[in-house]
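# Please find the sequence and the predicted model below.
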Amino acid sequence: MKYLIFSSMLFFVACGPNDPVNTSPSNIVGAWKIESFIDKSSNQTSHYSSYSFDFAANGIAIAKSQGVNSNGTWQLVNDSGKTKFILNWQSSSLLEEISEDWEVISSDTRSMDLLHVSGGNGATSTIKFVQL
Amino acid sequence: MNKNIYVFVFLLATLFACKHYPTIIGDEDKVTSSTIDVKVDSTVLSTLPQCPIVDDIIVSGSTTFQLGPVVPSGQGTANIDNNHCLVWTSNGQTDIIRTYIIACNSAICDTTFYNILPPLPIDPMGIPCSPDTVYFERDILPILTQSCAFQGCHNAASHKEGVILDKYTNILKEVKVGNPSNSDLYKSITQTSASKIMPPPPATKLSPASIALIKKWIEQGAKNLKCDNITSCDTLAVSYNTFVKPSIAACVTCHRSGNVGGGINLENYEGVKASIANNRLIGSITWSNNYKPMPQGGAKLPDCTIKKIKSWVNQGGKNN
C-alpha cells in the first residue's frame, strides 16, 4: 500500500512542471510594472524601475518611461504544452532585453511570473510583472 | 507479488501520462538586410530546408508558420514565402525592424526573433557607366526612338508589320540574344537591298556607329542595363534622417546601448551626435590613422557617402 501512495505522489510531482498555465488575455490586459527581472543570474530590476507597461486588448504593448512611450506587441501562444507570453519591442535595448517568448509559470490578475530559457547555454531568465 | 505488479504498472502509466518535450535550443537573433539568412546549428538539425527561418525545429511539409507583428510598423511588409524564407519588402524603412516567427510541428513550437536592417542607401553617385558596356536606355533606345518608333512606322499605335520598337520588352522580341546576324532588328538595319533596309528610303540609313552599337548590345546579351552619369557628389543640405541615419544603420547592431562597441552608441541621434563631437565617427568611416576602420571587416562606404556625412557634420550635425 505504501508503494501505491508513493507512486501516486510521484505521479503528481512528475507531471507538475509541464502543465500549461491557464492564462487568458483578459488577465493580461491592463497596466503592469516589473517587480523583478533576473537576467541569467544578473538582477536587472533597477533598470526598469521607471517603466510601466500597458498591455492593450489589441495586442499593443506600450512601455512608458520618463515621458517616453515605446510601442511594441504582446501575444499569448501555446507552445509545446506551455503557455508562452511573447513580448516584442525594437525601440531600445532595455526593451529588447525583455523581448522574448516567455513561459508563463503562474498568472492571475495581480501578478505574472515568466521564465525564459536561453538557447545555447540554457541560462534562465525570470520576470515578475505586477499589476499597477 | 501481485502488489508489485500493480505498482510497476502504475509507475509505467505515470511515465506515459506525463508529456515530455524536447529541449529547445537556440533563439539567436538574426540580422539581415532583406531576406533572412539563418545560420543553422548543424548539431541541432539533421535535415535543413533550403531557406530555413527557424533554427530549433526540423521544418517539414506539415510545419506551420505564424508571423508575429512587426515593430515599429509602417515601414514595409513581411511575408513567409514557399521556401520558408522570411521576405521583407522595405518601404521607406529607416529603423531596424523587429519581428518573430512561431514555427510549429504539431504542438511543438519554436519562436525566433529577427532584426531586419534598413537597406543601405545606394551610392549617391549612382551606378557608374563602364566604357566597354552598351547601356540600353542611354545608347540603344534613343537610336530606335528617333529612327523607328514614330507614327506611321514602329510606334505602338502604328506597329507596322507587327513590329513595335518603343520600349525594351518590345524591342527584345526582334532580337536573338547574343546573335546579331539572326536578329531581325540587326538584319533589317544592315540590309543591302533598298527595298528591305530599315529605315526605308528616303529616310537616312543608321550611321555605322549606331549599327555597331546595336550589334555590340545584342552580342552583350541585349540587357536592359542602366547607368548614371553623375559626375559630382551633391553635399548640400544633407539630412540626418533620410541620409545619415540609413547610411550607418548597419553599424547600430554593434553600437547600441547594451552592446556599445568601443563606447560608441549609434542607435539614436544623441549617440551619433556624441560620436561626431570627438571625431570618432568620421575618423572611423574615413579609415583615418589612429581610428579603427569601419564598417569592421566590411567595405569602406562609398566616397560620396563619406563626403555627404562629413558635410552633414560640418553643417552642424543637425537632427534634420
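Perfect, thanks for sending it.

# Spit out the contact partners of B:Q75.
The neighbourhood of B:Q75, defined by Cβ atoms under 8 Å, 6 or more residues apart in numbering or on different chains, consists of B:90-95, B:97, B:118. Every C-beta, even on glycine, is put in place using the N, C-alpha and C of the backbone.

# Filter the residues you listed to keep only those in contact with chain A.
Contacts with chain A within the contacts of B:Q75, counted by Cβ under 8 Å from any Cβ of the partner chain: B:95, B:97.

# which among the contacts of B:Q75 end up buried?
Neighbour counting by 16 or more other Cβ atoms under 10 Å in any protein chain shown classes B:90, B:93-95, B:97, B:118 among the contacts of B:Q75 as buried.

# circling back to that earlier point, can you lay out the contacts of B:Q75 as JSON lines showing secondary structure?
Putting the contacts of B:Q75 into JSON lines (DSSP: H, G, I helix; E, B strand; the rest coil) gives the following:
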{"residue": "B:S90", "secondary structure": "strand"}
{"residue": "B:N91", "secondary structure": "coil"}
{"residue": "B:G92", "secondary structure": "coil"}
{"residue": "B:Q93", "secondary structure": "coil"}
{"residue": "B:T94", "secondary structure": "coil"}
{"residue": "B:D95", "secondary structure": "coil"}
{"residue": "B:I97", "secondary structure": "strand"}
{"residue": "B:P118", "secondary structure": "coil"}
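
# And the helices in the chain, which stretches?
Let's take chain A. A:2-15, A:25-28, A:93-97 (DSSP state H).

# think we crossed wires, I meant chain B
Under the criterion DSSP H, helices of chain B are mapped to B:2-17, B:141-147, B:168-172, B:184-189, B:208-219, B:245-247, B:269-277, B:280-285, B:303-314.

# can you put the ones you listed in CSV and add distance to B:I197, mean neighbour count and mean pLDDT?
Listed next are those as CSV, based on distance: least, Cβ to Cβ, whole Å; neighbours: other Cβ atoms under 10 Å in any protein chain shown; pLDDT from 0 to 100:
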stretch, distance to B:I197, mean neighbour count, mean pLDDT
helix B:2-17, 88, 12, 43
helix B:141-147, 12, 17, 94
helix B:168-172, 18, 16, 94
helix B:184-189, 7, 19, 96
helix B:208-219, 11, 16, 96
helix B:245-247, 52, 21, 84
helix B:269-277, 63, 17, 90
helix B:280-285, 57, 20, 92
helix B:303-314, 46, 19, 93
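
# can you tell me which of those helices comes nearest to B:N320?
B:N320 sits nearest to helix B:303-314 of all the helices of chain B, at 8.4 Å, using Cβ to Cβ.

# ok, the closest residue in space to A:G59 that isn't next to it in sequence - contacts?
Computed as Cβ to Cβ, 6 or more residues apart in numbering or on different chains, the closest residue to A:G59 that is not its neighbour in sequence is A:T73, at 5.4 Å. With contact set as Cβ under 8 Å, 6+ apart, A:T73 has these partners: A:59-61, A:86-88, B:68-69, B:71.

# In terms of distance to B:P302, which of these ranks first?
Set against B:P302, the nearest of the contacts of A:T73 by Cβ to Cβ is B:V71 (30.3 Å).

# just checking, that closest one touches B:I96?
No: at 9.9 Å, B:V71 does not count as touching B:I96 under the criterion of Cβ atoms under 8 Å.

# Look up which residues are beta-bridged to the residue nearest the centre of chain A.
Within chain A, one residue has its C-alpha closest to the average C-alpha position: by Cα atoms, centre = their mean, that is A:L114, at 2.8 Å. Beta-bridge pairing of A:L114 under DSSP bridges involves A:V104, A:I127.

# Just to check, it is in contact with A:V104?
Yes: A:L114 is within contact range of A:V104, at 6.1 Å (criterion: Cβ under 8 Å).

# Need the overlap of contacts for those two.
Listed as contacting both A:L114 and A:V104 by Cβ under 8 Å, 6+ apart are A:F85.

# Now for B:I164, how many residues are close by?
Other residues lying near B:I164 total 20 when counted by other Cβ atoms under 10 Å in any protein chain shown.

# which residues touch it?
Contacts of B:I164 were listed using Cβ under 8 Å, 6+ apart, and they are B:149, B:154-156, B:170, B:173.

# sorry, back to before: just put the buried ones among the contacts of B:Q75 in JSON lines and tack on pLDDT.
Formatted as JSON lines, the entries for the buried ones among the contacts of B:Q75 read as follows, by pLDDT from 0 to 100:
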{"residue": "B:S90", "pLDDT": "71"}
{"residue": "B:Q93", "pLDDT": "71"}
{"residue": "B:T94", "pLDDT": "70"}
{"residue": "B:D95", "pLDDT": "74"}
{"residue": "B:I97", "pLDDT": "79"}
{"residue": "B:P118", "pLDDT": "66"}
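
# and which of those residues is nearest B:L213?
Compare each of those with B:L213 using Cβ to Cβ and the shortest gap goes to B:S90, at 36.1 Å.

# give me the low-pLDDT residue ranges for the chain?
Defaulting to chain A. Segments of chain A classed as low confidence (criterion: pLDDT under 70) are A:1-22, A:91, A:119-121.

# Correction: the question concerned chain B.
Scanning chain B for pLDDT under 70 picks out the ranges B:1-56, B:83, B:117-122, B:257-259.

# just the strands in it please.
Assigned by DSSP state E, the strands in chain B fall at B:30-32, B:64-67, B:76-80, B:86-90, B:97-105, B:108-116, B:255-256, B:259-260.

# you'd agree A:S118 is up against A:T126?
No: in this structure, A:S118 is not within contact of A:T126 by Cβ under 8 Å, at 11.9 Å.

# partners of the closest residue to B:I80 other than its chain neighbours in the sheet?
Ranked by Cβ to Cβ, 6+ apart and with sequence neighbours excluded, the top spatial neighbour of B:I80 is B:F65, at 5.1 Å. Beta-bridge pairing for B:F65 (DSSP bridges): B:A103.

# how many other residues sit next to B:F65?
Applying other Cβ under 10 Å, we find 14 residues neighbouring B:F65.

# Could you pick out the residues of the stretch 101-250 of chain B near chain A for me?
On the criterion Cβ under 8 Å from any Cβ, chain A has as its neighbours in the stretch 101-250 of chain B the residues B:102, B:104, B:107-111, B:113, B:115.

# now do 7 Å
Near chain A, the residues belonging to the stretch 101-250 of chain B are B:102, B:107-109, B:111, B:113 when assessed by Cβ under 7 Å from any Cβ of the partner chain.

# can you give me the end-to-end distance of stretch B:280-293?
Chord length of stretch B:280-293, first to last residue, is 10 Å (Cα to Cα, to the nearest Å).
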